[in-house]
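1. Make a model of this:
(one chain, ligands or ions: 2)
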Amino acid sequence: MTYRILSEETIMQNPHSLPDYLLQSDAVSERFARLKARDVILDVRHLGKRFRSPQGEVVALDDISFRTHRREFVCVIGPSGCGKSTLIRILAGLESQTSGDVLLDGKPVQGPGADRGMVFQGYTLFPWLAVKKNVMFGLKRNGSSSGEAEREALQWLDLVGLTRFADVYPHQLSGGMKQRVAIARALANRPRILLMDEPFGALDAQTRAKMQAHLLDIWRNIDVTVLFITHDLDEAILLADRILVLKANPGKVQELIEVPVPRPRGYSQFNTPEFIATKARLEALIHPEPTDEAPDEDAVRPHMIRMTDVADNVE
Ligand code: ADP
Ligand code: MG
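-> Residues are numbered from 1 along each chain as shown. Ligands and ions are numbered 1, 2, ... in the order given. Predicted coordinates for the structure are as follows:
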């Protein structure tokens, strides 16, 4: 099955011409079948997190369950305060959960570890170390000799296109370049999963677009699973195999969406019906139309049938 390419304008005039976002071409559904047959890298089971604050208790995460498979790219989206950063901090081992389990390769996560690489929005490079030394830092800490670490670091800098900047200090780099170093540094330790919390959130639109394309390129070329937090719907659809949509107060899973847009991905797909249909669904989940009445829970359930992945993960 192939979709017709419609202009965004035509689609906005004829919203009924949009395909259902649950509809997948044969190629896409075969890709998902292959993906789900791969090993589970990250297994999040009934994760809960409560914070005590002067205003009372905050339920940041409530019964979050999902899995990511090897080499899968999962994006997490949701309104501000829905617990995205809390979730990724728990996965990184920087915060402990109140309930539930996080398994990486089947083993419970306890504290930070080299099996998880992290890239956050704020530039987290060591300002007193040159770019190459920033990338070497974790390698040396994990037991590599200086020579080995340098060789490795240069390979990763090559992958992110920064070989020429190996001896430059972070303050001499643009924001996009700093994030490329951060990605090289995170990948250098060969993590099982790359955890990214709005890594391009501080970049201007043009740099951000370049970084998205660049990240897709890197991900295609190496064996790494990615969990990527964003509040940008286009970014999530462009990057993800599946999108975990959270809601706030308490932070709960709303839906786990299989993105029907074929790979390889690019900006020319932003106007395809499947892209727009997915975006419309995300919009509806994240910015629901205000209603006077309490929502009828059953009435919105049909879309949730495909949430099997979430349900399946729960024994
Ligand atoms: P997001 O990243 O989706 O914007 P966060 O994970 O930062 O959301 O926060 C989720 C909820 O938990 C928010 O209500 C926030 O105020 C609360 N929260 C996060 N960290 C703490 C903390 N250390 N102490 C108290 N409340 C917190
Ligand atoms: Mg956050």
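2. What is the helix ranked longest in the chain packed up against?
-> Counting by DSSP state H, the longest helix found in the chain is helix 205-221. Judged by 3 or more Cβ pairs under 8 Å, 6 or more residues apart in numbering; DSSP states H and E, the packing partners of helix 205-221 are helix 175-188, helix 233-239. The C-beta positions use only the backbone N, C-alpha and C, and glycine is treated the same way.
3. How is this protein partitioned into domains?
-> 8-115+198-312, 124-190 (automatic domain parsing).
4. one step back: would you turn the helices and strands packed on helix 205-221 into CSV with mean neighbour count?
-> As requested, these are arranged in CSV below (neighbours: other Cβ atoms under 10 Å):
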stretch, mean neighbour count
helix 175-188, 23
helix 233-239, 22
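5. Adding mean pLDDT and distance to residue 111, write these out as TSV.
-> TSV is the format used below for these (pLDDT from 0 to 100; distance: least, Cβ to Cβ, whole Å):
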stretch	mean pLDDT	distance to residue 111
helix 175-188	95	17
helix 233-239	98	28
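6. ranges for the helices of the stretch 201-315 of the chain?
-> 205-221, 233-239, 273-286, 308-312 (DSSP state H, counting those that start in this stretch).
7. which SS class is residue 96?
-> coil (DSSP: H, G, I helix; E, B strand; the rest coil).
8. so it sits right up against residue 90, yeah?
-> Yes: using Cβ atoms under 8 Å, residue 96 is in contact with residue 90, at 7.0 Å.
9. between these two, which one's more packed in?
-> Neighbour count, other Cβ atoms under 10 Å: between residue 96 and residue 90, residue 90 has more, with 24 against 12.
10. Not counting sequence-adjacent ones, nearest residue to the more buried one?
-> residue 97 (5.1 Å; Cβ to Cβ, 6 or more residues apart in numbering).
11. Check that neighbour and give its pLDDT.
-> Looking at residue 97, its pLDDT stands at 97.
12. who's in contact with it?
-> 47, 48, 49, 61, 90 (Cβ atoms under 8 Å, 6 or more residues apart in numbering).
13. Of these, grab the buried ones for ChimeraX.
-> In ChimeraX, this line selects whichever of these come out buried by 16 or more other Cβ atoms under 10 Å:
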select :47,48,49,61,90
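14. before we move on, back to that, any idea which of the helices of the stretch 201-315 of the chain scores lowest on pLDDT?
-> Among the helices of the stretch 201-315 of the chain, helix 308-312 scores lowest, at a mean of 39.
15. Which single residue of the stretch 51-200 of the chain ends up nearest ligand 2?
-> residue 85 (3.2 Å; Cβ to the ion).
16. if we can go back for a sec, columns distance to residue 199 on top of the helices and strands packed on helix 205-221, output as JSON lines?
-> Listed next are the helices and strands packed on helix 205-221 as JSON lines, based on distance: least, Cβ to Cβ, whole Å:
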{"stretch": "helix 175-188", "distance to residue 199": "6"}
{"stretch": "helix 233-239", "distance to residue 199": "10"}
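17. ok so, going back, closest one to ligand 1 among the helices of the stretch 201-315 of the chain?
-> Comparison of the helices of the stretch 201-315 of the chain against ligand 1 by Cβ to the nearest ligand atom identifies helix 273-286 as nearest, at 11.6 Å.
18. Residues contacting stretch 119-136, please?
-> With Cβ under 8 Å, 6+ apart, stretch 119-136 has contacts from 137, 144, 146, 149-150, 152-154, 156-157, 162, 165-171, 173, 175, 178-179, 181-186, 188, 194-202.
19. In it, which residues are buried?
-> 119-121, 123-125, 130-136.
20. Lowest-confidence entry in the residues you listed?
-> Lowest pLDDT among these: residue 123, 71.
21. where does that one fall, helix, sheet strand or coil?
-> coil.
22. separation between it and residue 95?
-> Using Cβ to Cβ, to the nearest Å, residue 123 is found at 21 Å from residue 95.
23. Same question for residue 264.
-> Distance from residue 264 to residue 95, by Cβ to Cβ: 35 Å.
24. In terms of neighbours, single out the busier of the two.
-> residue 95 (15 against 8).
25. Isn't the more buried one up against residue 87?
-> No: using Cβ under 8 Å, residue 95 makes no contact with residue 87, being 9.3 Å away.
26. Now do the shared contacts for these two.
-> Joint contacts of residue 95 and residue 87 (Cβ under 8 Å, 6+ apart) are residue 49.
27. Helix or strand with the lowest mean pLDDT in the chain?
-> helix 308-312 (a mean of 39; mean pLDDT, DSSP states H and E).
28. Report the secondary structure element holding residue 58.
-> strand 56-69 (DSSP states H and E).
29. So which residues on the protein come close to ligand 2?
-> 84, 85 (Cβ under 5 Å from the ion).
30. Quick one: check stretch 48-60 for contact with ligand 1.
-> Yes: using Cβ under 6 Å from any ligand atom, stretch 48-60 reaches ligand 1 at 51, 53, 58, 60.
31. Just give me the neighbour total for the last one.
-> Summarising burial for residue 60: neighbours were counted as other Cβ under 10 Å, giving 26.
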